[in-house]
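Trainee: curious how this folds, go ahead:
(one chain, ligands or ions: 2)
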Amino acid sequence: MEIEKYQIDAHNQELETEHQRRFDFAAAENPQVENIISKLIQFQIGIPSWALGTGGTRFGRFSGGGEPRSLEEKIEDIGLIHQLNQSSGAVSLHIPWDKTEDYEGVKRLANHHGLRFDAMNSNTFQDQPGQAHSYKFGSLQHVNKAVRKQAIAHNIEVIRQGVAFGSDALTVWLADGSCFPGQLNFRKAFQNTLESLEEIYAALPEKWKLFVEYKAFEPNFYSTTVGDWGQSLLFANKLGPKAYTLVDLGHHLPNANIEQIVSLLLMEGKLGGFHFNDSKYGDDDLTAGSMKPYQLFLIFNELIEGMDAKGIDHATGLGWMIDASHNVKDPLEDLLQSVEAIMLAYTQALLVDKEALAVAQQENDTVKCQEILQYAFRTDARAIVQEARLRSGGAAKPLALYRTLKVREKLIAARGAKTIATGL
Ligand code: PSV
Ligand code: MN
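Mentor: Numbering: from 1, shown residues only. Ligands and ions are numbered 1, 2, ... in the order given. Here you go, the predicted model:
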């Protein structure tokens, strides 16, 4: 299904007076508002194809109904989100969950919805039917060369499919590691992984990037072979200029200073991509900004500072993607909330008075530094984000319109109450 333009227009008209009052106030308070709006219009967030269905835990999965049954229906769902907020103009695919032979048809559909293809994701953390070798004890790190070769071939195949879609990056996330002390020779595991990644790297087309995603633990609970940003950076540096680190917010040990990690990776020219989500305990994959909105703001503050220092374009310099899972929410509502939280954090970080902060830092004025950051964080940026969305043709309040139009009910009517999307 698609939302009609007149439905968005009617919704916007109803809210126009209220919005104008709030936006006029925000514009009067923030003289740089036009500059910020033009940045917001450019800024697009990639939606993961695997987050369009109800996620589960190892204890169960409670489907909400109307989930996409095919890659085409996933693209249509992202099209709906993008129609509403005009900030979700990309899709990140996961192979083999999104395997297709109809590249042209899928590309045409994505194009129709204004979507481009962000990073492709390989999957060597699950065994597929008919696969010769198991990944039970790892993939690119495996002690058996035949397993490594199979995993390398899969990654190269994902690149091939990505080329057909017009993507330009591959994200490699490995479940590789060990569950018990003594199970793995860490050095050999690292070397095997490096050699495997080198073969994948050699298969990258000219303009492609390789993102090495790290994760502290899970599914392995003693060691993970790409377990933190240091290990990812080691691989990326050894591989070469097309290799970068990918930061998934949920992949750190508790209380890690992610904003500092981001800052140093940018300094090294090695921050490639982002997976947004939020967490309280581990890799909870919760809605971005739902637990630690101040941390999200601080991360954006470092991202902007680091990108501006290197002249990196905010919108195109890095791969911006969500990686979330929804156990109790409607996935599309959750994704709308995540995108909104990301846009708000980005806007608030753009509002930081950077010159004043630099002076206060130089003077060791800790109190002033905090005041400057928190002044921006406590600014109500909602009307600014809303204005950018309206200028792009989106809905004033995407979530409210989604509910008014009974989108989920219509998807259930069209697809059924028991459909299950591929993914985790
Ligand atoms: C692993 O936890 C991860 O963050 C990786 O990005 C995977 O590709 C994704 O989640 C889906 O399992
Ligand atoms: Mn991830």
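Trainee: work out for me the element residue 388 sits within.
Mentor: Residue 388 is part of helix 382-391 when elements are defined by DSSP states H and E.
Trainee: what is the mean pLDDT for that helix?
Mentor: Per-residue pLDDT over helix 382-391 has a mean of 98.
Trainee: tell me the buried residues in it?
Mentor: Using 16 or more other Cβ atoms under 10 Å as the test for burial, helix 382-391 gives 382, 383, 384, 385, 386, 387, 388, 389, 390. (Each C-beta comes from the backbone N, C-alpha and C, glycine too.)
Trainee: ok, stretch 162-182 next?
Mentor: For stretch 162-182, by 16+ other Cβ under 10 Å, it's 162, 165, 167-178.
Trainee: then stretch 30-37?
Mentor: In stretch 30-37, counting by 16+ other Cβ under 10 Å, buried: 30, 33, 36, 37.
Trainee: the first one contacts residue 351, doesn't it?
Mentor: Yes: when contacts are counted by Cβ atoms under 8 Å, residue 30 is listed as touching residue 351 (6.2 Å).
Trainee: for the helix holding residue 388, the distance to its chain's centre please.
Mentor: Offset of helix 382-391 from its chain centre (Cα atoms, centre = their mean, to the nearest Å): 21 Å.
Trainee: how about the CA coordinates for it, as CSV?
Mentor: What follows is helix 382-391, C-alpha atoms only, in CSV (Å, rounded to 0.1, in the frame of the first residue of the first chain):
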residue,chain,number,x,y,z
ARG,A,382,11.0,19.1,17.3
ALA,A,383,9.6,22.0,15.2
ILE,A,384,12.9,22.3,13.3
VAL,A,385,12.9,18.6,12.4
GLN,A,386,9.2,18.9,11.5
GLU,A,387,9.8,21.9,9.3
ALA,A,388,12.6,20.0,7.4
ARG,A,389,10.2,17.1,6.9
LEU,A,390,7.4,19.3,5.7
ARG,A,391,9.6,21.0,3.2
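Trainee: can you give me the neighbour number for the residue in the stretch 101-250 of the chain that ligand 2 sits nearest to?
Mentor: Closest residue of the stretch 101-250 of the chain to ligand 2, Cβ to the ion: residue 248 (3.7 Å). Residue 248 is flanked by 22 other residues according to other Cβ atoms under 10 Å.
Trainee: could we number from 748 for the rest of this?
Mentor: Sure thing, new numbering starts at 748, so read that last one as residue 995.
Trainee: about what we covered before: common neighbours of residue 777 and residue 1098, please.
Mentor: Counting by Cβ atoms under 8 Å, 6 or more residues apart in numbering, the contacts common to residue 777 and residue 1098 are 783, 1126.
Trainee: before we move on, the earlier item: just the buried residues of stretch 909-929 now: which is nearest ligand 1?
Mentor: Nearest to ligand 1 out of the buried residues of stretch 909-929 is residue 920 (Cβ to the nearest ligand atom; 3.8 Å).
Trainee: I figured that closest one was touching residue 873, is that so?
Mentor: No: using Cβ under 8 Å, residue 920 makes no contact with residue 873, being 11.9 Å away.
Trainee: kindly state the pLDDT recorded for residue 1167?
Mentor: On the pLDDT scale, residue 1167 is placed at 80.
Trainee: for the nearest residue to residue 998 once chain neighbours are set aside, which three-state class applies?
Mentor: Nearest non-adjacent residue to residue 998, counting by Cβ to Cβ, 6 or more residues apart in numbering: residue 962, 4.0 Å away. Three-state assignment for residue 962 (DSSP: H, G, I helix; E, B strand; the rest coil): coil.
Trainee: then residue 1020?
Mentor: Quick answer, by three-state DSSP: residue 1020 is strand.
Trainee: and the gap between it and ligand 2?
Mentor: Using Cβ to the ion, to the nearest Å, residue 1020 is found at 9 Å from ligand 2.
Trainee: list the contacts for the nearest residue to residue 956 once chain neighbours are set aside?
Mentor: The shortest distance from residue 956 to any non-neighbouring residue, by Cβ to Cβ, 6+ apart, is to residue 916 (4.4 Å). Listed by Cβ under 8 Å, 6+ apart, the contact set of residue 916 reads 865, 866, 867, 909, 955, 956, 957, 958, 1019, 1020, 1066.
Trainee: check which helix or strand the fourth one maps to.
Mentor: With the criterion set as DSSP H and E, the secondary-structure element containing residue 909 is helix 892-912.
Trainee: can you give me the neighbour number for the residue in the stretch 748-897 of the chain positioned nearest to ligand 1?
Mentor: Closest approach between the stretch 748-897 of the chain and ligand 1, counting by Cβ to the nearest ligand atom: residue 868, at 4.7 Å. Neighbourhood size, residue 868 [other Cβ under 10 Å]: 25.
Trainee: tell me the SS of the residue nearest the centre of the chain?
Mentor: The centroid of the chain falls nearest to residue 1068 when counting by Cα atoms, centre = their mean (2.0 Å). Under three-state DSSP, the three-state class of residue 1068 is strand.
Trainee: pretty sure it contacts residue 796?
Mentor: No: under the criterion of Cβ under 8 Å, residue 1068 is not in contact with residue 796, lying 10.6 Å apart.
Trainee: identify the contacts common to the two.
Mentor: Overlap of the contact sets of residue 1068 and residue 796 (by Cβ under 8 Å, 6+ apart) consists of residue 839.
Trainee: who touches residue 1025 in this structure?
Mentor: Applying Cβ under 8 Å, 6+ apart to residue 1025 gives the contacts 996, 997, 1031, 1033, 1034, 1035, 1036, 1037, 1038, 1039, 1043.
Trainee: so which strand or helix has the last one?
Mentor: So that's residue 1043. helix 1040-1057.
Trainee: what's around residue 848, how many residues?
Mentor: Counted with other Cβ under 10 Å, residues neighbouring residue 848 total 9.
Trainee: quickly find the element holding it.
Mentor: Under the criterion of DSSP H and E, residue 848 resides outside all helices and strands.
Trainee: next one: it from residue 1115, what distance?
Mentor: As for residue 848, its distance to residue 1115 is 60 Å (criterion: Cβ to Cβ, to the nearest Å).
Trainee: and the buried residues of helix 1129-1138, which is closest to residue 1102?
Mentor: Ranked by distance to residue 1102 (Cβ to Cβ), the buried residues of helix 1129-1138 are led by residue 1131 at 20.5 Å.
Trainee: how about stretch 1069-1083: buried residues?
Mentor: For stretch 1069-1083, a neighbour-count test (16+ other Cβ under 10 Å) marks 1069-1074, 1076-1083 as buried.
Trainee: which of those come close to ligand 2?
Mentor: residue 1070 (Cβ under 5 Å from the ion).
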